[in-house]
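Chemist: here you go, sequence then predicted model.
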Amino acid sequence: MLRMSTLFLRTLREDPADAEVPSHKLLVRAGYVRRIAPGLWSWLPLGYIVYRNIERVVREEMDAAGFQEVHFPGLLPREPYEKTHRWEDYGDNLFRLQDRKKTDYLLGPTHEEMFTLMVKGEFSSYKDLPLSIYQIQIKYRDEARPRAGILRAREFVMKDSYSFDVDDAGLEKSYQRHRDAYISTFDRLGLSYEIVSAMAGAMGGSKSEEFLAPCTTGEDTYVKCPACGMAANVEAIVTHAVPEVDASDVPAAHVEDTPDTPTIASLVEISNSRPELRRSDRDWTAADTLKNVVLMQVAIDGTRTPLVIGLPGDREVDLKRVEAGIHPYELEAFEEEDFKKYPALVKGYIGPEVLGENSASGIRYLVDPRVVNGTRWITGANKRGNHVYDLVAGRDFGWDGVIEAAEVRQGDGCSNCGEEVTIARGIEIGHIFQLGRKYAEALDLKVLDENSELVTVTMGSYGIGVSRAVATIAEQSHDDKGLLWPREVAPADIHIIATGKEDEPFNVAQGIAEDLEARGIRVLFDDRRGVSVGVKFNDSELIGIPTIAVVGKGLNDGVIELRDRASGEQELVPVADFINTVVELCN
RNA sequence: CGGGGCGUAGCGUAGUGGCUAGCGCGCCUGCUUUGGGAGCAGGAGACCGCGAGUUCGAGUCUCGCCGCCCCGACCA
């Protein structure tokens, strides 16, 4: 039994000044967590109970799915990460350190390498597979900017699983089993979530989905189609296919003098204001222009090469989407200095004529999927103050490839059905990947198949942010008074408050608390003497245990008040019925 | 890394170059109070982020450093 009189807890009346998001404010105010340093948090008793409840649910669901728990150190040797190149690829986000002999170590940001080697050490036959193993472990990532309390920390707890199969069909099955296990887990945790298509990104591999908890404070943006149910991270979204156009009646391209039009807005304005440039049927819009954006792509070895992306002028480039499309290259801005090195690029007036790997410049030119054969554009003429009109894609210019680079907007056509999509934000609570053979190859994990031939194992990787789930539930489940924990993860089933200055309510409450505990109900008992009832009520609402009982003046009528924290509904229960009523409520 | 903001007691904050750095919450003692963050009285708790400088005098002005928060970049 937790007793408020002795509990190591101090609630705060005011929000901490450095907190922005609700979970951060409330978890600190209610005395669940305290900050130690940027991105590092300590758990106080109530917080640690919630954390362990979540961990328990995750473990139970993984075990129920037939996955086996193992455990690695958080401190890991350099060598395996050297073999997969992640010692370098992880960059500044990896915590590196040395022992007294100056040998390199790292604090594990994720454990693909170690799991691969563990399986390699034990198994060598296709008969041993499939296998799925997991751990619940502290992970370390030296985030450039930890934020939002414990939503993005530098030390956090993750449940990470890995599946090992002999072929693609097996991987698909293992993936599906994890997907199902994740659904059960998040349902039990009381989280609302969406399963969205994602990019495999730097992890390598192919198929990948994210479990996103819809939440305005989330860091991930995703797209959802109300019509067909398609859901995808913006990084993974595919533009709705645009049909080719018959451009046989479009006049030949012609260059026009358009002084002082380095921006799309100025170009549209001059095009509509000069009679010889006007369209007869309607005004020009930004969507009629082809904007060519120069970026610098950087290879892992640091080599910088320019990249030009052509997209409709009414769209901004979404750098995250570009990076997803050009992985493993990274992006940097194209600076003034760079323009000097590439004189073919006239800032503000770049056109497709000078672009492309087969052109004189050799600069790679990728276009938005909306640029299809027959579409007609106004774009730069590669000369200061000049634009070219009626430039037809396919007829007058070509490109090296297509890239999903444009920002995704509310109302864009769904890639699946074409209906208008909506955009929302979410917190990533889980991520499942079909990794493939990247790690098995790098670390030489092979088994003998039924033909006695060595085959490389194919892997999946699956993560749940356990500590992040505490904050995510708090984000999704609170009101202006405090937290609202689902019973499964709450620090207790019932918060019993004794009121008044007489002994009787305290004695009755004490007896009830003991009886409930004997029936398996987890109790937090506010047995503080001399604390005003307002303080007790407010603390109980802040702490957010799902059921609150008030033992006080109702005893005169032989009743105890039972309140539902979430709904605020209240009923008066005769003392004699109280235990059974609560036991029923909690089961 | 770029932009913005901020460092005063456990928390939240006030503080025109000038007395012993103030207030609220919380904490301690006593009395009173007990159904929505009680009242009265008394008390403890501060290297005003650090270091230089200007000045008769610096929490306050100047410079440097450190740290923190937010936005962006970054982030399986």
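Modeler: Happy to help now that I have it.
Chemist: and the pLDDT at the spatially most central residue of chain A?
Modeler: In chain A, the residue lying closest to the centroid (C-alpha atoms, centre = their mean) is residue A:428, at 2.8 Å. Per-residue confidence (pLDDT) for residue A:428: 90.
Chemist: cool, residue A:491 as well?
Modeler: We have a pLDDT of 96 for residue A:491.
Chemist: checking my notes, the residue nearest to the centre of chain A in a helix, right?
Modeler: No. Going by DSSP: H, G, I helix; E, B strand; the rest coil, the assignment for residue A:428 is strand, not a helix.
Chemist: and it, what is it in contact with?
Modeler: Applying C-beta atoms under 8 Å, 6 or more residues apart in numbering, we find residue A:428 in contact with A:210, A:211, A:212, A:218, A:219, A:220, A:465. Using the backbone N, CA and C atoms, a C-beta is placed for each residue, glycine as well.
Chemist: please enumerate the strands of the stretch 351-500 of chain A.
Modeler: Under the criterion DSSP state E, counting those that start in this stretch, strands of the stretch 351-500 of chain A are mapped to A:364-367, A:376-380, A:386-392, A:401-402, A:422-436, A:446-448, A:454-456, A:458-465, A:478-479, A:482-483, A:494-498.
Chemist: give me the secondary structure label for residue A:549.
Modeler: strand.
Chemist: and the strands in the stretch 51-200 of chain A?
Modeler: With DSSP E, counting those that start in this stretch as the criterion, the stretch 51-200 of chain A has strands spanning A:68-69, A:75-77, A:95-98, A:104-107, A:131-140, A:155-165, A:194-197.
Chemist: pick the most buried one from the ones you listed.
Modeler: Here the criterion is mean neighbour count by mean count of other C-beta atoms under 10 Å, and of those the winner is strand A:155-165, at a mean of 24.
Chemist: which other helices and strands contact that strand?
Modeler: helix A:45-64, helix A:112-122, strand A:131-140, helix A:168-188, strand A:458-465, helix A:466-476 (3 or more C-beta pairs under 8 Å, 6 or more residues apart in numbering; DSSP states H and E).
Chemist: of all the ones you listed, which lies closest to residue A:533?
Modeler: helix A:45-64 (21.0 Å; C-beta to C-beta).
Chemist: how about that closest one: buried residues?
Modeler: The neighbour-count check on helix A:45-64 (16 or more other C-beta atoms under 10 Å) flags A:46-47, A:49-51, A:53-55, A:57-59, A:61-62 as buried.
Chemist: where are the low-confidence patches of the stretch 251-400 of chain A?
Modeler: For the stretch 251-400 of chain A, the stretches with pLDDT under 70 are A:262, A:300-302, A:327-328, A:336-337.
Chemist: would you mind listing what in it touches RNA strand B?
Modeler: A:319, A:320, A:323, A:330, A:331 (C-beta under 7 Å from any atom of the strand).
Chemist: the first one: what's it in contact with?
Modeler: This means residue A:319. A:295, A:331.
Chemist: identify the bridge partners of residue A:397.
Modeler: residue A:393 (DSSP bridges).
Chemist: and the stretch 1-150 of chain A, which residues reach RNA strand B?
Modeler: A:10-18, A:20, A:24, A:35, A:37-38, A:90, A:93, A:109-110, A:139, A:141, A:143-148.
Chemist: buried only: go through those residues for me.
Modeler: Buried among those (16+ other C-beta under 10 Å): A:11, A:24, A:35, A:90, A:109, A:110, A:139, A:141, A:146, A:147, A:148.
Chemist: so what's the second one up against?
Modeler: By that I understand residue A:24. A:16, A:148, A:149, A:150, A:151, A:471.
Chemist: thought the second one was touching residue A:22?
Modeler: No. With contact defined as C-beta atoms under 8 Å, residue A:148 and residue A:22 do not form a contacting pair (9.8 Å).
Chemist: any shared contact partners between these two?
Modeler: With C-beta under 8 Å, 6+ apart as the test, residue A:148 and residue A:22 both reach residue A:217.
Chemist: and the residue of the stretch 351-500 of chain A nearest RNA strand B?
Modeler: residue A:463 (3.2 Å; C-beta to the nearest atom of the strand).
Chemist: tally of neighbours for that residue?
Modeler: The criterion is other C-beta atoms under 10 Å. On that basis, residue A:463 has 23 neighbouring residues.
Chemist: how about it: which residues does it bridge to?
Modeler: Here residue A:463, judged by DSSP bridges, has bridge partners residue A:160, residue A:431.
Chemist: roughly how far does it sit from residue A:37?
Modeler: For residue A:463, the distance to residue A:37 equals 24 Å [C-beta to C-beta, to the nearest Å].
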